[in-house]
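Undergrad: Pasting a predicted model and its sequence here:
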Amino acid sequence: MIAGPLLAVALALQQQPAPPPAPPDTGRPCRVVIDSIGHTYREITGANGEKSAHGGGGVLGHCEGTGSTISADSFAHYSALGRLDLIGRVQIRDTGMTLDARTASYFLRDERLEAHNNVVAVNRRTGSVLRGPNLLYWRAAKGIRDTVAMYATQRPTVEYRQNASGDTLSIEPYIIVGDRLRFKGDDRMWAGGKVTIDRSDFAARSDSMLLDQTTGFGVLVGKPSVEGRGRATTGETGKSYTLVGTRIELGLAQRDIRQVKALGKGKATGTDWVLTADTIDLRIADRLLQQTFAWGDSMRPHAISTLYTILSDSLAIDSPGEILTESRAFGSAFSTAKRDSLTPPKETDWITGDSLTIRFAQEQDSVTKRPRSRLRQLVSRGSPARALTHHPNQQANPKDTTKTGPSINYSRGHQITLAMLKDRIDRVTVAGKSDGVHLEPRPAVVADSLKRAGPSQPPAPPAPPPSASP
C-alpha cells in the first residue's frame, strides 16, 4: 500500500534525468529518494497547478547513488521551487558531515541547505563541531561547486579540530566563538564580531579572524590580543605571556599554533617582564614559549624586568620550555642592571655596545622551590664597548658600617665581560684595546670634638684701642 506514494515522491523529487556517476571525491547532486513514510502522505495541487508532496509520522530518505541519508518527523516537497522542507528531529548524514537540527530546508537545484534551531554540524574528516542557532551549508557537487562552504550567525560555537586521516589520539580543540563564522572546505575559516579562541594553553581575542590550514597562516585584527597559558609540570596552567599589537599573525604547523607575531605597537608581558617593539615574534612548541624575536624602527625593542632592562635595534631571547637561558641584542644595544629592588638609580650598573649577549643560569627559588633564571654573564662587543659598574665595599670588609658607598668602575674596550655572582658583579674583564678608570670612595672620618679641640683655654683679652697722639 505504501509503494504508490513512495514511487510518486521519488519521481517528484527527481525532476531531470540522473547524470552519469561522478568520481567519489567530486560529489554529485543529491536526488532525494524517500525510503519510508510513517503514516501520512498526500499531494496538494495549488491554484496555479503546481503540486507539492507532504509526509509525516517519521520520514527516511537518501540521496540516490550516494551514502547520504536524511530523516525527520515530516517533510514537504515543492517541485516548482525545487525545495525540500524537513521538520522535527532533522538528521542528515552526508559523506563529509553530519547535521542535526529542528528544521531544515534543502534547495536541490543549487545544493544548498538551511538549518535552524539547535543546529549541530560535525565535519567527519577533521572532527570539528559547530553548534548554533542556524547554518547555511553548500554541498560540493560536480557542475555546481567544487568545495563545501558553510556560514553561521548569532554567535555560533566551533570546536575547531584538524585531525588527519588515521589519527588515533584525541587532540584538544580550539573553542572559537564569533558573531558570524564562515568556512570553505575543511581548512579555511573566517570569524567576525567579538571573536574568542580558547584552549587550555592558549587564548585570543579580536574583532575578526582568519585561519587557513592550506598555507599555515592565521591573522587577528581589531584590537587583537593573545594569551599563552603555558603548561606547568603539575598539570595546572597559568599565564606565561600576553601579546597585543595592531595586527597579530599566527603560524600554523602540524595542525597547531606554532608562531604568534604582533605587527605594529607590539607589547608582550610575562610574569616579571615587559617587552615593547614594532614587531614581536613568539615561537611556540609543545604548547610552551621557546623563543622571542623583536625588532623595529619607530619603536625599538625595549625589555624591562624587575632588575634588568635591554634596549636595542633587534632582540632575540631563548627560553626553551619557558626557561630563560640567553638574550642577544644587536644595534646600539644598552642594558642596565640593579643588585636588588632597593638599589638607588645612581648605583644602577649599565653596559653598552654594538651587540650584547646575556646569559642566565638555572637555580631553585628558595621561596617557591621552582626553577628560576638568574643573570650569570653579560658580554658586550663593539667599537668600543663600554660599562659602568658599582662594587660595594662590604664585600671586602663585611664589618664596615661607614656606608661610604660602592666603588665605581668605568671601562672601555673591544669586548667587556661582566661575571655575576648572586645578582652582584663579581668580575669585569676587558679585552682588546682598552682603558678606563676605577674610583674608590674616600674613607669616612668620625669627628671627635674632645681629641680635635685639645684642653680648654680662657678667652684672650680684647686688643687695646689705639692711643691718641699727644
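TA: Sure, I can see it. Predicted model, so just to flag it, every value in this text is computed and none were measured. Numbering: from 1, shown residues only.

Undergrad: in the stretch 151-300 of the chain, which spans are strands?
TA: 157-160, 174-177, 180-184, 188-199, 202-212, 217-221, 225-228, 241-244, 247-253, 256-270, 273-285, 288-295 (DSSP state E, counting those that start in this stretch).

Undergrad: elements contacting the fourth one?
TA: Right, strand 188-199. Counting contacts by 3 or more CB pairs under 8 Å, 6 or more residues apart in numbering; DSSP states H and E, strand 188-199 is packed against strand 174-177, strand 180-184, strand 202-212. To be clear about C-beta, it is placed using only N, CA and C from the backbone, and glycine gets the same treatment.

Undergrad: swap in the third one?
TA: Secondary-structure packing of strand 180-184 (3+ CB pairs under 8 Å, 6+ apart): strand 149-153, strand 188-199.

Undergrad: need the strands for the stretch 301-450 of the chain, in chain order.
TA: Using DSSP E, counting those that start in this stretch, strands in the stretch 301-450 of the chain cover 302-305, 308-311, 314-318, 326-337, 349-364, 371-391, 407-421, 424-431, 435-439.

Undergrad: quick one, domains of this protein?
TA: Taking automatic domain parsing as the reference, the chain has its domains at 1-154, 170-297, 300-444.

Undergrad: just so I know, which of those lies nearest Asn163?
TA: domain 1-154 (4.2 Å; CB to CB).

Undergrad: quick one on the thing from earlier: redo the strands of the stretch 151-300 of the chain as CSV? Include distance to Thr357.
TA: Formatted as CSV, the strands of the stretch 151-300 of the chain follow (distance: least, CB to CB, whole Å):
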stretch, distance to Thr357
strand 157-160, 40
strand 174-177, 37
strand 180-184, 46
strand 188-199, 35
strand 202-212, 31
strand 217-221, 33
strand 225-228, 25
strand 241-244, 22
strand 247-253, 27
strand 256-270, 20
strand 273-285, 17
strand 288-295, 15
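
Undergrad: In JSON lines: those strands, plus mean pLDDT and distance to Ser407.
TA: Converted to JSON lines, those look like this (pLDDT from 0 to 100; distance: least, CB to CB, whole Å):
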{"stretch": "strand 157-160", "mean pLDDT": "96", "distance to Ser407": "60"}
{"stretch": "strand 174-177", "mean pLDDT": "96", "distance to Ser407": "56"}
{"stretch": "strand 180-184", "mean pLDDT": "96", "distance to Ser407": "65"}
{"stretch": "strand 188-199", "mean pLDDT": "96", "distance to Ser407": "53"}
{"stretch": "strand 202-212", "mean pLDDT": "96", "distance to Ser407": "49"}
{"stretch": "strand 217-221", "mean pLDDT": "97", "distance to Ser407": "51"}
{"stretch": "strand 225-228", "mean pLDDT": "95", "distance to Ser407": "43"}
{"stretch": "strand 241-244", "mean pLDDT": "95", "distance to Ser407": "38"}
{"stretch": "strand 247-253", "mean pLDDT": "94", "distance to Ser407": "47"}
{"stretch": "strand 256-270", "mean pLDDT": "94", "distance to Ser407": "34"}
{"stretch": "strand 273-285", "mean pLDDT": "95", "distance to Ser407": "30"}
{"stretch": "strand 288-295", "mean pLDDT": "94", "distance to Ser407": "35"}
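
Undergrad: could I get these as TSV with mean neighbour count and distance to Ile416?
TA: As requested, the strands of the stretch 151-300 of the chain are arranged in TSV below (neighbours: other CB atoms under 10 Å; distance: least, CB to CB, whole Å):
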stretch	mean neighbour count	distance to Ile416
strand 157-160	20	51
strand 174-177	19	47
strand 180-184	20	56
strand 188-199	19	45
strand 202-212	20	40
strand 217-221	19	42
strand 225-228	21	35
strand 241-244	20	31
strand 247-253	19	37
strand 256-270	20	28
strand 273-285	21	24
strand 288-295	20	24
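
Undergrad: what sits opposite the residue lying closest to Arg247 once chain neighbours are set aside in the beta ladder?
TA: Leaving out its chain neighbours, the residue that sits closest to Arg247 by CB to CB, 6 or more residues apart in numbering is Leu263, at 4.7 Å. Counting by DSSP bridges, Leu263 is bridged to Arg247, Thr279.

Undergrad: can you pull the contacts of Leu263?
TA: Gly245, Thr246, Arg247, Ile248, Glu249, Asp278, Thr279 (CB atoms under 8 Å, 6 or more residues apart in numbering).

Undergrad: Can you list the low-confidence ranges for the protein?
TA: 1-29, 164-170, 231-239, 365-371, 394-404, 444-470 (pLDDT under 70).

Undergrad: thinking again about what came up before, want to try JSON lines for the strands of the stretch 301-450 of the chain, with mean neighbour count as columns?
TA: Converted to JSON lines, those look like this (neighbours: other CB atoms under 10 Å):
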{"stretch": "strand 302-305", "mean neighbour count": "18"}
{"stretch": "strand 308-311", "mean neighbour count": "20"}
{"stretch": "strand 314-318", "mean neighbour count": "21"}
{"stretch": "strand 326-337", "mean neighbour count": "20"}
{"stretch": "strand 349-364", "mean neighbour count": "19"}
{"stretch": "strand 371-391", "mean neighbour count": "19"}
{"stretch": "strand 407-421", "mean neighbour count": "18"}
{"stretch": "strand 424-431", "mean neighbour count": "16"}
{"stretch": "strand 435-439", "mean neighbour count": "11"}
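
Undergrad: Tabulate those strands (a markdown table), appending distance to Ser208.
TA: Converted to a markdown table, those look like this (distance: least, CB to CB, whole Å):
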| stretch | distance to Ser208 |
| --- | --- |
| strand 302-305 | 29 |
| strand 308-311 | 34 |
| strand 314-318 | 30 |
| strand 326-337 | 34 |
| strand 349-364 | 38 |
| strand 371-391 | 37 |
| strand 407-421 | 47 |
| strand 424-431 | 50 |
| strand 435-439 | 56 |
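
Undergrad: Of these, give the one that comes closest to Arg131.
TA: strand 314-318 (39.9 Å).

Undergrad: wait, Gly178 sits on Met189?
TA: No - here Gly178 does not reach Met189: they are 9.8 Å apart, not a contact under CB atoms under 8 Å.

Undergrad: Show me the common contact partners of the two, please.
TA: Common neighbours of Gly178 and Met189 (CB under 8 Å, 6+ apart) are Met209.

Undergrad: Next up, the contacts around Gly58.
TA: Contacts of Gly58 by CB under 8 Å, 6+ apart are Ser36, Ile37, Gly38, Ser71, Asp73.

Undergrad: can I assume the third one is in contact with Gly56?
TA: In this case it means Gly38. Yes - counting by CB under 8 Å, Gly38 does reach Gly56; the two are 6.3 Å apart.

Undergrad: ok, now which ones touch Arg381?
TA: Counting by CB under 8 Å, 6+ apart, Arg381 has contacts Gly353, Asp354, Ser355, Leu356, Thr357, His414, Gln415.

Undergrad: ok so, going back, nearest to Leu130, out of the helices and strands packed on strand 188-199?
TA: Checked against CB to CB, the stretch from the helices and strands packed on strand 188-199 lying closest is strand 180-184, at 7.3 Å.
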